[in-house]
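Trainee: one predicted model, sequence on top.
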Amino acid sequence: MEKERSLKNKIRFLLIVPMLLAVILLAIVYMTMGLDSRETYIATGVILLYALVVTVAYLRLRPVLDANLVDYALEQGKIQKELLKNLAVPYAILDHSGRILWANRMFRDDICHGEKHVRKKMDYYFPELTSSVFSHIEDNTMEIYYDDRIYNAVIKKVDLTTVFNKEAVEKKSDDIVIAFYLFDVTDLRFYMQENADQKLIAGLLYIDNYDEVMDSTEEVKHSILNALVDRKINMYLANIDAITKRLENDKYFFVFRQKYLQTLKDDKFSLIDEIKNINVGNEIPVTLSMGIGAGTDSFADCYEYAKVAIGLALGRGGDQVAFKYGDKVTYYGGKSAGTEKTTRVKARVKAQAFEELLASKDKVLIMAHQRPDADAFGSAVGIYRLVTTLGKKGYIVLNEVSSAIRPVVNSFKTSDSYDDLLLTSQQAINMVDDNTMLVVCDVNRPSITECEELISLCKTVVVFDHHRQSNEAITNATLSYIEPFASSACEMITEMFQYISAKPRIKPVEADAMYAGILIDTDNFLNKTGVRTFEAASYLRKCGADIVRVRKMFRSGISEMKERAQGISNAEIYLGVFALSYIDADPNSPEAPTVPVAKVANELLNVDGIKASFVVTENKGTLYVSARSIGDVNVQLVMEHFNGGGHANIAGVQLKGESKEHFFEELKAVLHEKYSEGDI
């Protein structure tokens, strides 16, 4: 009705305008010619005649115009209805419950399979389109599947009170109908997937321990071993239609289409395990690492991603695949703890590079991770000695002296030579200038360092660590020496002493600190202990490290022994090979919560048949988890599920606001999945 009234007013306007113009013309005539002139009478007559003609024309043409408008409207309505009925898109009108009120021909043919009278609800055809989908007065778009076709469903709510100009104080469900469109996007999705499948993905494959394997094999068998490894790699990559190029004896570059990526994932990159089965008399099994880059339209960027990925795989100890898709990195394999490198070439190169970097600096700030342990503080002390030997000033950033390092720190405080050795984070920040170097030791994750702000403030950053790399890393490091095969950071720093031009003279208190770091991280030389570990310990012993003195530093108190006994008594055996336990630690204890759980985890490994142990404690709203393993179980992969990390045999995580009951529930699910599938 409102539209009809508006149309009549517009037609009436056609008469009003000429009349207004006539009045204006009369006014102009009277103003310019006066009232009594002959010309005024003539002009007035002409204007009145014009008005009369317009009025007569309007009155005669109005019925004809109305009739034509009605015919036009009816014709347009028929055309629109016919077009809607034959619309090349399935279209239906539904009520508020999702019941079909009307459907066009294509909807009835394609969706209802030719039914003429359709009054069913939409969930009859599309189970996911329940009444709850239509009950909300909101527009919606969703993707649905029907008869092997993919549709983009568009749901539009139509308010009848607006369409028919009803006055309603409150909207009722009866005043709402739903326009339902289905756009077939099957072909579009198919071609999009085809386009994605044809994208090229770059990969790098490195043999981790090529030199070590060759050294352990008779020379006459080198060519046979090389040929078998090369054949195994080429056959595996040929299955995914990859182009492979051997760059060096131990390095390969390959390119394949993205369509085969899921095949590799489903296969879990079985080449990693297959390559270990090659044996022609070699005492050490061959292991390899792969880095794959994808998730970008540029192949050059894919190659850069692959280089980053292979670096992460090697930084985590090798024997695994790192897949970098955009900013996300996924790891496969990595079950083994890795093979110790017998060569010290890397240690020599890094020591010389560190010495060159230090030449242009005045002072060095040294920091480890938060709540430092004996290895963190001991390695910081070792770097301090390297720095001072080269004539530079060194400082150790330490905010909290926990019970784990208090005996070692106290031995430094009794000497006047170390009065200005320790700094707080704020003191270190105030000291930073262009000639300051930052050395980060025993950690490679910026978020858990003593002072993350220092990493961005210092222009020169050096990282020394023995933990496997995670997705979080210090990206602006000028020099990075990460050796996952090393038992401890103290072992790495001790090796570097032997390649510094000015031979360092280590004081007995410093040797004690570094020896303690090796001792604690290897659990008295029981875990991750190799030839180089004993060589480093022997070197420190020659420098004055006292074994008895170090042992006295780390003796346990009676309360700690009781906590340890409690943790053992609370232990639960899961799947026959995992020990799960907890400690109700004293929240007011000065000791770091990580210390007792680590010791209990180590103790539980002495139980016959146990391959890995997981011990937790709660302190000030944070759950501290310590994981230890013996044998083939990689606890690092388990802890990474909870955003933790560490080594294959030693790992942990800190969880804020998490209860131990919920953690153990999730831990059991992770262990069951990964252990049953052989992932750990």
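Mentor: Now that the structure is in, tell me what you want to look at.

Trainee: for the stretch 351-500 of the chain, what spans make up the helices?
Mentor: Taking DSSP state H, counting those that start in this stretch, the helices of the stretch 351-500 of the chain run over residues 374-389, 406-413, 425-431, 452-457, 489-497.

Trainee: now for whatever helix or strand residue 191 lives in, which elements pack on it?
Mentor: Assigned by DSSP states H and E, residue 191 belongs to helix 186-197. Applying 3 or more CB pairs under 8 Å, 6 or more residues apart in numbering; DSSP states H and E, we find helix 186-197 packed against strand 149-159. Using the backbone N, CA and C atoms, a C-beta is placed for each residue, glycine as well.

Trainee: list the buried residues of the strand it packs on.
Mentor: Within strand 149-159, the residues scored as buried using 16 or more other CB atoms under 10 Å are 150-151, 153-155.

Trainee: please apply the same query to stretch 425-441.
Mentor: Neighbour-count burial for stretch 425-441 flags 425, 428, 431-432, 436-441 (criterion: 16+ other CB under 10 Å).

Trainee: do stretch 361-372 as well
Mentor: Neighbour-count burial for stretch 361-372 flags 361, 364-372 (criterion: 16+ other CB under 10 Å).

Trainee: ends of that stretch, how far apart?
Mentor: One end of stretch 361-372 sits 26 Å from the other (CA to CA, to the nearest Å).

Trainee: wait, doesn't residue 213 sit right on residue 284?
Mentor: Yes. Contact criterion CB atoms under 8 Å: residue 213 and residue 284 qualify, at 5.1 Å.

Trainee: for these two, indicate the residue with more neighbours.
Mentor: Remark: of residue 213 and residue 284, residue 213 carries more neighbours, 22 against 15, as counted by other CB atoms under 10 Å.

Trainee: tell me how far residue 497 lies from residue 108.
Mentor: As judged by CB to CB, to the nearest Å, residue 497 and residue 108 stand 85 Å apart.

Trainee: any low-confidence regions in the stretch 151-300 of the chain?
Mentor: Applying pLDDT under 70 to the stretch 151-300 of the chain flags residues 160-175.

Trainee: again, 90 this time
Mentor: Along the stretch 151-300 of the chain, segments meeting pLDDT under 90 span 151-200, 208-223, 248-249, 259, 261-270, 272-287, 294-300.

Trainee: show me the helices in it, by range?
Mentor: Using DSSP H, counting those that start in this stretch, helices in the stretch 151-300 of the chain cover 160-163, 186-197, 210-215, 222-238, 261-267, 271-274, 299-315.

Trainee: out of those helices, which gets nearest to residue 541?
Mentor: Nearest to residue 541 among the helices of the stretch 151-300 of the chain is helix 210-215; the distance by CB to CB comes to 27.1 Å.

Trainee: any idea which of the helices of the stretch 151-300 of the chain is most buried?
Mentor: Mean neighbour count (mean count of other CB atoms under 10 Å) peaks for helix 299-315 among the helices of the stretch 151-300 of the chain, with a mean of 20.

Trainee: check which element follows it along the chain.
Mentor: Assigned by DSSP H and E, the successor of helix 299-315 is strand 320-325.

Trainee: who's in contact with the next helix or strand after that next one?
Mentor: Using DSSP H and E, the next helix or strand after strand 320-325 towards the C-terminus is strand 328-333. Under the contact criterion CB atoms under 8 Å, 6 or more residues apart in numbering, strand 328-333 has outside partners 265, 268-269, 272-273, 295, 309, 312-313, 316, 319-323, 471, 637, 640.

Trainee: repeat that with 10 Å
Mentor: Residues from elsewhere that reach strand 328-333 (CB atoms under 10 Å, 6 or more residues apart in numbering): 264-265, 267-273, 287-292, 295, 305, 308-309, 312-313, 316, 318-324, 468-471, 634, 636-637, 640, 679.

Trainee: so among those, which ones count as buried?
Mentor: Applying 16+ other CB under 10 Å to those, the neighbour count classes 264, 269, 271-272, 287-292, 295, 305, 308-309, 312-313, 316, 318-324, 468-471, 634, 636-637, 640, 679 as buried.

Trainee: what is the burial count for residue 414?
Mentor: As a measure of burial, residue 414 has 8 neighbours, counting by other CB under 10 Å.

Trainee: sorry, wrong one. I was asking about residue 387.
Mentor: By other CB under 10 Å, neighbour count at residue 387 equals 23.

Trainee: excluding residues flanking it in the chain, which one is nearest it?
Mentor: Sequence neighbours aside, residue 394 is the residue nearest to residue 387 in space, at 3.8 Å (criterion: CB to CB, 6 or more residues apart in numbering).

Trainee: distance of that neighbour from residue 593?
Mentor: Using CB to CB, residue 394 is found at 30 Å from residue 593.

Trainee: could you pull out the strands in the stretch 551-680 of the chain for me?
Mentor: In the stretch 551-680 of the chain, the strands defined using DSSP state E, counting those that start in this stretch lie at 572-574, 578-583, 612-619, 622-629, 645-646, 650-656.
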